[in-house]
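[1] sharing a model that was predicted from the sequence below.
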Amino acid sequence: MEETNIDDPNYFLRVVDCQWACPAHTPVPEYIRKIAHGKYSEAFMINWVSNVFPGILGRTCDRPCEPACRRGRVEDPDTVGGDTAPVAICRLKRVAADYKDDVSAQMPRAPALIGKRIACVGAGPASLSVARDLAVLGYEITLIDHNPKMGGLIRTQIPRFRLPERVIDEEVGYITGIGNVHFDNRSVGSLKGLLDEGWDAVFVGSGAPRGRDLDIPGRDEGAANIHVGIDWLSSVSFEHIKNIGKRVIVLGGGNTAMDCCRTARRLGGEDVKVIVRSGFEEMKASPWEKEDAIAEDIPIINWHVPKEFVTEGGRLVGMNFEIVRAEYDDNGRRKLVPTGEPDAFIECDDVLVAVGQENAFPWIERDIGIEFDPRWDMPKVDELTMQSSLPKVFFGGDAAFGPKNIIWAVAHGHAAAISIDRFLKGEDVRERPAPMVNIVSQKMGIHEWSYDNDVALDSRVAVPHLPKARALSDIGAEVELGFDPELAWKEAQRCLNCDVQTVFSASLCIECDACTDICPMDCITFTRNGGEDDLRSRLSAPALNTEQPLYVAGGLDTGRVMVKDEDLCLHCGLCAERCPTGAWDMRKYLIETAQAGPPCRNN
């Protein structure tokens, strides 16, 4: 194998699993250390620079960082006294937001306008991220939305018992407080008409506003009590709907279905059931969302396919379902087949349909230069630049590639902002800057480090919840109470500091193998070089996870190479402590992905 180029900033970014998995590449270990030291405001600002909405995401993020967390894959259940689990990264983010001081003085302020006007269609997380990144550069940003307040789906579709409105108001306020950001409360009925208003660039962050309906027999007859989930949640959010029937069926297995069923319990639903056509494990809802629903006495019924809405005298009384099972072909493709059991009839007063969302662009004319993919009736958007085939129009969030989540919308906003800035400066939008890296050795003495390198053996800390009776009696009462400082400190100790990297200097190595002897994970090997598959099989502990790289360094007197399996390393520093010559060092790599502005331009 070729020697590893550790000067490439993306190499160690990939090794920091949580940061690599985060679409916005938030420096997770750095802010967790700040929380452990009680520096909540600093932790908040690290998040704010990267993911824009720490308080919102700390309650609602889909947490792509946590399945990637090294802790979850290196823990031994017997050692930690329970199930293995990643660090509670998301809920620690909320701690930074909950316990910070007044950070308004740390927020940037917009400079004088530079004479360029940008329209953002939709005022959700993608558009707000664009506004934040570009307002500080002197652009004049106007967010256009038909809803009376900014926030998009954050405000209209996430229940207040999960996300209090005060948190939304605060974090939207940080963006509008920068200056150069305006809100235009109106609908956009024509993109051509919008372009005719003379904007220098347009960003479309209108979300996926249309919920899928269910066209099966009885739909028209029972229409008065059959509701599309996201529309219903929006009506609840704006207090247009304040009650529901006692018996409620929620169709669908995603997070919207979980929000619908839990909201229904708070609006008078006593017998609320979630009914899903797939198995429990195949549901798209996050595991913690399913757990919260079940904890509120909401059963989830799987392998039931809706066949018919049943009405009597023009009134909905229930639904018929076909019971199915999954069969898989030789290629692993799933097919649902009837079990042969009689159809199941389930009584209900109301049905909430949460079987998916889709984009709707009737307001974008097809003759203005924007190409659409005929398969999905979606605009063709460059995944790197977020630019459409009409150069001055950019897309992001759910409007770009279909429904995802808030953190992806933020990442799209950052990417689009870089492109818009470069486009308006006459530069190639496909040129993207490398991440900015700050490297600091953690060595303080022969056996001392400036970070806590002890590996805590504690199980994941549970987040306290409001008592169930209280939670169900008040739709505005936040259910998750969050960590207090003591619990936050305890959970922060579980972080393995994966951004503190083991850096090897072959010129100092005497090949005594002391580091291989002391490594608790057997992740360091000195051996002859070879192909990657060959090397992975010959290490002290076979490197089976090919998604994690091998750190290969040559230049040793014996002709051998040092190979470290990045997948297993605990970043504990024992190799560096044991090394008699200082060939190993522990260096913190603070990696920050670039955002719009002069560093991202050619001149």
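    Received, thanks.
[2] now for the top helix by length along the chain, which elements pack on it?
    Criterion DSSP state H: the longest helix present in the chain is helix 406-424. Secondary-structure packing of helix 406-424 (3 or more Cβ pairs under 8 Å, 6 or more residues apart in numbering; DSSP states H and E): helix 54-60, helix 125-135, strand 201-204, strand 393-395. All C-beta spots, glycine's among them, are computed from the backbone N, C-alpha and C.
[3] most packed of the ones you listed?
    Burial of the helices and strands packed on helix 406-424 is given as mean neighbour count (mean count of other Cβ atoms under 10 Å); helix 125-135 ranks first at a mean of 31.
[4] for Pro520, find the nearest of the helices and strands packed on helix 406-424.
    Closest to Pro520 of those is helix 54-60 (Cβ to Cβ; 32.3 Å).
[5] wait, what's in contact with the residue lying closest to Ala492 once chain neighbours are set aside?
    Closest residue to Ala492 apart from its sequence neighbours, by Cβ to Cβ, 6 or more residues apart in numbering: Ala36 at 3.9 Å. Applying Cβ atoms under 8 Å, 6 or more residues apart in numbering, we find Ala36 in contact with Asp452, Trp489, Ala492, Gln493, Cys495.
[6] assign a three-state SS to the first one, would you?
    Spelled out, it's Asp452. Secondary structure assignment for Asp452 (DSSP: H, G, I helix; E, B strand; the rest coil): coil.
[7] how close does it sit to Glu30?
    Distance from Asp452 to Glu30, counting by Cβ to Cβ, to the nearest Å: 14 Å.
[8] of the contacts of Ala36, which is the most crowded?
    Using other Cβ atoms under 10 Å as the neighbour test, the contacts of Ala36 are led by Cys495, with 27 neighbours.
[9] is it fair to say that one lies in a strand?
    No: Cys495: not assigned to a strand; according to three-state DSSP it is coil.
[10] and Trp288, helix, strand or coil?
    Trp288 ends up helix, using three-state DSSP.
[11] domains for this protein, by residue range?
    Recorded structural domains for the chain (assignment: automatic domain parsing) are 108-208+359-424, 211-358.
[12] for those domains, which one sits closest to Arg460?
    Across those, Arg460 has its closest neighbour in domain 211-358 (11.6 Å, Cβ to Cβ).
[13] what's the offset of that closest one from the middle of its chain?
    The chain centroid and the centroid of domain 211-358 are separated by 25 Å under Cα atoms, centre = their mean, to the nearest Å.
[14] from one end of that domain to the other, what's the distance?
    End-to-end span of domain 211-358 (Cα to Cα, to the nearest Å): 6 Å.
[15] make 52 the starting number, not 1.
    Understood, numbering begins at 52; the last thing we discussed is domain 262-409.
[16] tell me the mean pLDDT for it?
    Mean pLDDT, domain 262-409: 96.
[17] does Thr227 touch Phe234 like I think?
    Yes: using Cβ atoms under 8 Å, Thr227 is in contact with Phe234, at 7.4 Å.
[18] list the residues that contact both of the two?
    Contact criterion Cβ under 8 Å, 6+ apart; residues shared by Thr227 and Phe234: Met201.
[19] would you map the strands across the stretch 252-401 of the chain?
    252-255, 261-262, 277-279, 298-302, 322-326, 351-352, 355-363, 366-379, 385-389, 395-398, 401-404 (DSSP state E, counting those that start in this stretch).
[20] and for the third one, what are the contacting residues?
    Residues from elsewhere that reach strand 277-279, judged by Cβ under 8 Å, 6+ apart: Gly262, Arg263, Asp264, Arg270, Phe360, Leu367, Asp401, Val402, Leu403, Val404.
[21] make it 6 Å
    Gly262, Asp264, Val402, Leu403, Val404 (Cβ atoms under 6 Å, 6 or more residues apart in numbering).
[22] okay, buried residues for stretch 112-128 please.
    Within stretch 112-128, the residues that count as buried by 16 or more other Cβ atoms under 10 Å are 112-117, 119-123, 125-126.
[23] just the CA trace of it, in PDB.
    Presented in PDB, the C-alpha positions along stretch 112-128 are these (Å, rounded to 0.1, in the frame of the first residue of the first chain):
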ATOM      1  CA  CYS A 112     -31.900  15.800  14.800                       C
ATOM      2  CA  ASP A 113     -32.000  12.300  13.100                       C
ATOM      3  CA  ARG A 114     -28.500  11.800  14.600                       C
ATOM      4  CA  PRO A 115     -26.500  10.300  11.700                       C
ATOM      5  CA  CYS A 116     -23.500  10.900  13.900                       C
ATOM      6  CA  GLU A 117     -24.500   8.400  16.600                       C
ATOM      7  CA  PRO A 118     -24.600   5.200  14.500                       C
ATOM      8  CA  ALA A 119     -21.100   6.200  13.300                       C
ATOM      9  CA  CYS A 120     -19.800   6.800  16.800                       C
ATOM     10  CA  ARG A 121     -16.700   4.700  17.600                       C
ATOM     11  CA  ARG A 122     -17.900   4.100  21.100                       C
ATOM     12  CA  GLY A 123     -20.900   2.000  19.900                       C
ATOM     13  CA  ARG A 124     -18.700  -0.500  18.000                       C
ATOM     14  CA  VAL A 125     -15.700  -0.900  20.400                       C
ATOM     15  CA  GLU A 126     -17.600  -1.300  23.700                       C
ATOM     16  CA  ASP A 127     -17.700  -4.700  25.300                       C
ATOM     17  CA  PRO A 128     -21.200  -5.200  26.900                       C
END
